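Q: following is a predicted model, sequence given first.
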Amino acid sequence: MASATAKPKPFVLHASTLARAHTYLAFAAFLSALVVGCALHYKKIVKNGVAGYPQEWFPSVSATIGDWYPERNIFQILIAINAGPRFALVALQYYLHRTPTSSIPGFLFLVGILRTLSCGGWVFITSSDDHDVHDVLMISYIVLNLPWMFGSLALTPVQHAASRRRRLWTSVSFFLSLLPMVYFFVQHKVHRIPGAYTRYSFFEWGLIFLDIVYDSSAELDFEAADLKITVSNLVGGSADTDKIADRSLIQGAPSTTETAIPSLDAPGEKPQQTNGAEHLPAKVTPRPLYTRVRRTVSFLSDIYLSYIYWSVYTSLAPTLFYFSVWELGIAGHELALLSTLSPVLLGIPPFASWAYTREGRTILHELWALIGLGAYASRSPLVRLVLVAFANAAAAVGSAVEWFVVADGEIGYRTLVTGLGFLVSSLSKHANHSNNPVWPIVNERSGGWNKTGIVLAILALLEFASRPDTTPPPSPPAPQKTAQISPPNTHWLPASLALGGLIFSLHSLLSDPTTLIAWAWTGYPLSGPVPALHGSLTHVAQAFGLALAAFLASSPQTSGALTHPLYLALGAASGYVMYAYKDWAGYAGGLGVAVFLMSIIPAVWARAREAAVAPEGGVGRTAAIVWLVVCLFDVASTFTVAYAFVPGGEYFRERTDLVLLAQFACIALAFRWPRLNASVRPLTFTLPRHMHVPIQNTLAVLTTISLLITLYRVPKTTPQPHRPGSRIVRVGIWTVHFGIDNEGRDSQRLMRDLIGDMELDVVGLLETDLHRVVFGNRDLSRVMAEELGFYVDIGPGPNQHTWGAVLLSKFPIINSTHHLLPSPDGELAPAIEAYLDMFGTAVKVIVAHNGQEETPLDRELQSTELARIMSSSYPNPLIFLGYVVTKPHARRPAPYEIMVTDGKVHDIDEEDIDRWCEYILYRGLYRTSYARVSRGIVTDTELQIGQFVVPKPGTSSVADDSRDARYMRSWKEEMPEDHWFPMPYYPELGGKNGHRYHVFNTPLYYKLPQDAML
């Protein structure tokens, strides 16, 4: 008779059943949505912004799953049910592939979780809910597929031939399908070709099915491993608990690798190998909790100190360029760049001996961190520059010691931490409207978090100073010993040139995530990435590059793989695409450059370290040459645009191509060239095993934070004009002096306050291209666009060699074109020509910056071209906002008569004779007010404002365009209140924030003609 307390049979679920359920549910979700959608709403889901049925006859994935009931709901219910099997699939694959000698399975587990979450994001936030968020999550999913697919393929055991074969062809097909898909998307979005979206949709659905088929490979793995989930209880003292049993391991199945993977931990922990199977040591003593926590704290402190190092270094150029801007030439303060040459002091033996000690390293850290961060507290730009220069001198010496005077086993860790700190620096700018929150050019009023940064730096320094020192302090290299035990090494000069070229490349291209987007920007309609929305993709590429470097540093055999000439060719090809192409193609090349530069950080740094300790090298000499190369690149890149203000600048005019070529030529010297440097030994740096998972997890966390910041910054509302009922448009023109105010601080928030108070609908900003080293690689429009709600055209990018122009608009930008005006003698003059939808009327708006007084030929040619652009749309409405450099009513060849007469426009007030730089011109609108607002401390130029009323759509022009009708002056009180300018800015009321109405001490008002068509 059976016992009443007999233990029930365990429940056994084959893992392959879960994988099969995942596949069936995924196919069912997408196919049911497609079938139901085509049956109920066929013509609606094939229609798009370009064409409908019959030109478009197959629906896209987004339209199918996101627009209509009930297909959307059926799809989302099935996907929700499938979430459990999908998470289980990721966890089971981690269990199957995990090994004590590799952290790659843990990394892929994290990637799998993020990939699943991003999938849920674009599935449940459809394009009709929020198009931008949907796109960001979709792109994130595709990017995460790269490490997921190829990483899973690499971990698939060679015995599982069927799953390896399926993963290989599906992953290759997946990424090859992206090429035609992107092509047809461009044909649809940019060229607006009917039928192109149908072809795009075929490839989009193909990606979905390939993705599902790829994940179905897990079923084959689970079957081959006989992986099961056994569920039982503890009745009767059973030893069975909820578990996952892998029979292949229990039965001693052969190892998935033929050779043992060497351990990267301390000696004595090497795995044992017997007949091709790897076994763990019989007994592993767990580390105390304190040791594990302290290691993590030290790792985080190292990353933060690396972040502070990059913050202090990148603050030097914008701090000193304040003086160059005011001088419009070389001011002498540029010599502060040479503070980074301080490693030459390491050539003094007593100083070098002190700097190599633990005490010396700690003091150097304290000097550059605390002085560099504390410089913000001074109100004097000169004092701040002196402090920042001194901090950079200390940082250059300290970094030379940290980078070069290290044990062989530490160089991989040091270089990757350096890369992580650089990524955190870029991320902090992304989170803080393109300003590093601990720079000395910002404070609490301009978006700084300086005090918080100092407190965290003190904590990190205390941790560094109290860190247990388990190894003897590094000592100066001993050339005679090195010569006896080492084969021929890299010469110090090529290695120094390579590291200098890499540091400048990182600084100039990747220190802000939107710089690469500025290189590719072409305006409206949008056909490429948007700075505020797609900057996170730059961080994803950077993180992937570092992850690739960390992955290859897992073994001495692979640590030098990224110095092969073929990899350099790939990076150079990406650089060419970035330089030669625009929009998504150019940005794709930029992302390739980001991956390339970040991935070679350990190799190039290790090569320089190898050269520094070589007999003919020297730490001080190597580091000093590195920074000299960086300084030369800083100067050359600035001269490509500032050639009109510096001696010899004409030789660098618009030669960004040569600077970029020189960057890659220098970096190439760190690569292996068999016929040129055959005597150089291969790099053999490695990363300690216990640091693989922390570094990979840190990269995943930083990438996720960047994506979350983007989602947080996405505008929640559409920009709206201030006075739609009255059809009033208030416009302004402002030359903003590169975003540095008169006190040497970032001026974005000061500009925001005045533009917001004046309730401007359209703003032209000049001297705005800050995506250069000397300006801190900043985006001047971020604060105003986000907090005031504007559409933004950032104008010609840094590779167009202008000082920049930006258009901010509350009205939709229908189309915009960027012009480089004729400039045979002086600086290139930018112009933005845009059509804005103002209350249903297309109004052309031009924002332009003409040349200086010293180049009359340039000004004449530029004015002639602007007049041609303006007259080409006559008699349609137009507003010109520009920096012209002319006296009112000046005759030819001065710009005024050319632009007003030939351009067929009116001066906003021809009786205002006290002007020189800024002008507002118009046509086809009713002008009702004109104001000039003093500069305050924002810049060296006033803000000019014009107010217009747009005629009703359908009217050919204004009712009466005669001079008498245009100059019927009025008192403010005679105008409706919605025409009034803010009262606090009247001089008799004291003004506000240093601004006031000046010249006339009041806005000027003009009556509307009685027969105005409003």
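A: Cool, got the structure.

Q: nearest residue to residue 599 other than its sequence neighbours?
A: Spatially, and ignoring its direct neighbours in sequence, residue 599 is nearest to residue 545 (3.9 Å; Cβ to Cβ, 6 or more residues apart in numbering). From N, CA and C alone the C-beta is placed, and that goes for glycine too.

Q: how many other residues sit next to that neighbour?
A: With neighbours defined by other Cβ atoms under 10 Å, the count for residue 545 comes to 26.

Q: contacts only, for it.
A: Contacts here follow Cβ atoms under 8 Å, 6 or more residues apart in numbering; on that basis residue 545 touches 594-599, 601.

Q: need those in a markdown table with neighbour count and pLDDT, can you?
A: As requested, the contacts of residue 545 are arranged in a markdown table below (neighbours: other Cβ atoms under 10 Å; pLDDT from 0 to 100):
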| residue | neighbour count | pLDDT |
| --- | --- | --- |
| 594 | 26 | 96 |
| 595 | 23 | 95 |
| 596 | 24 | 96 |
| 597 | 25 | 96 |
| 598 | 24 | 96 |
| 599 | 25 | 94 |
| 601 | 23 | 94 |
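
Q: in which helix or strand would I find residue 354?
A: Assessed by DSSP states H and E, residue 354 sits inside helix 349-356.

Q: and whichever helix or strand comes after that helix, how far from the chain's centre?
A: Toward the C-terminus, helix 349-356 is succeeded by helix 358-366 as the next helix or strand (DSSP H and E). Centroid displacement of helix 358-366 relative to its chain, using Cα atoms, centre = their mean, to the nearest Å, is 33 Å.

Q: going forward, begin numbering at 22 instead of 1
A: Sure, I'll start counting at 22 from here, so that last one is helix 379-387.

Q: counting by contacts, list what whichever helix or strand comes after helix 379-387 packs against.
A: Moving toward the C-terminus from helix 379-387, the next helix or strand (DSSP H and E) is helix 393-395. When contacts are defined as 3 or more Cβ pairs under 8 Å, 6 or more residues apart in numbering; DSSP states H and E, helix 393-395 packs onto helix 310-348, helix 402-425, helix 471-486.

Q: residue 417 is in contact with residue 366, isn't it?
A: No: with contact taken as Cβ atoms under 8 Å, residue 417 and residue 366 are classed as non-touching, separated by 9.4 Å.

Q: so for the two, which sits in the more crowded spot?
A: Neighbours around residue 417 and residue 366, counted as other Cβ under 10 Å, are more numerous at residue 417. The numbers are 26 against 16.

Q: quick one, what contacts that one?
A: By Cβ under 8 Å, 6+ apart, the contact set of residue 417 is 360-364, 644, 648.

Q: tell me if I am right that residue 753 is in a strand.
A: Yes: the assignment for residue 753 by DSSP: H, G, I helix; E, B strand; the rest coil puts it in a strand.

Q: does it have beta-bridge partners, and which?
A: According to DSSP bridges, the partner residues bridging residue 753 are residue 784, residue 966.

Q: and it, how many neighbours?
A: Other residues close to residue 753 by other Cβ under 10 Å number 24.

Q: how far away is it from residue 950?
A: For residue 753, the distance to residue 950 equals 12 Å [Cβ to Cβ, to the nearest Å].

Q: so residue 332 makes contact with residue 457?
A: Yes: with contact defined as Cβ under 8 Å, residue 332 and residue 457 form a contacting pair (5.2 Å).

Q: re earlier: need the overlap of contacts for residue 753 and residue 950.
A: Common neighbours of residue 753 and residue 950 (criterion: Cβ under 8 Å, 6+ apart): 966-967.

Q: give me the distance from the host helix or strand of the residue nearest to residue 620 to the chain's centre.
A: Residue 566 is part of helix 552-573, with elements assigned from DSSP H and E. The chain centroid and the centroid of helix 552-573 are separated by 9 Å under Cα atoms, centre = their mean.

Q: likewise for stretch 985-999?
A: For stretch 985-999, the distance from its own C-alpha centre to the chain's C-alpha centre is 48 Å (Cα atoms, centre = their mean).

Q: contact partners of it?
A: Stretch 985-999 has contacts (Cβ under 8 Å, 6+ apart) with 744, 746-747, 749, 927, 932, 948-950, 980, 1000-1002, 1023-1028, 1030.

Q: for PyMOL, write the selection for the buried entries among these.
A: Applying 16 or more other Cβ atoms under 10 Å to those, the buried members can be selected in PyMOL as follows:
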select buried, resi 744+747+749+927+948+949+950+1000+1002+1023+1024+1025+1026+1027+1028+1030
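
Q: could you chop this protein up by domain?
A: Taking the TED database as the domain assignment, the record places the domains of the chain at 33-252, 313-487+511-732, 749-1027.

Q: if we compare those domains, which one ends up closest to residue 739?
A: Set against residue 739 and scored by Cβ to Cβ, the domains of the chain come closest in domain 749-1027, at 8.0 Å.
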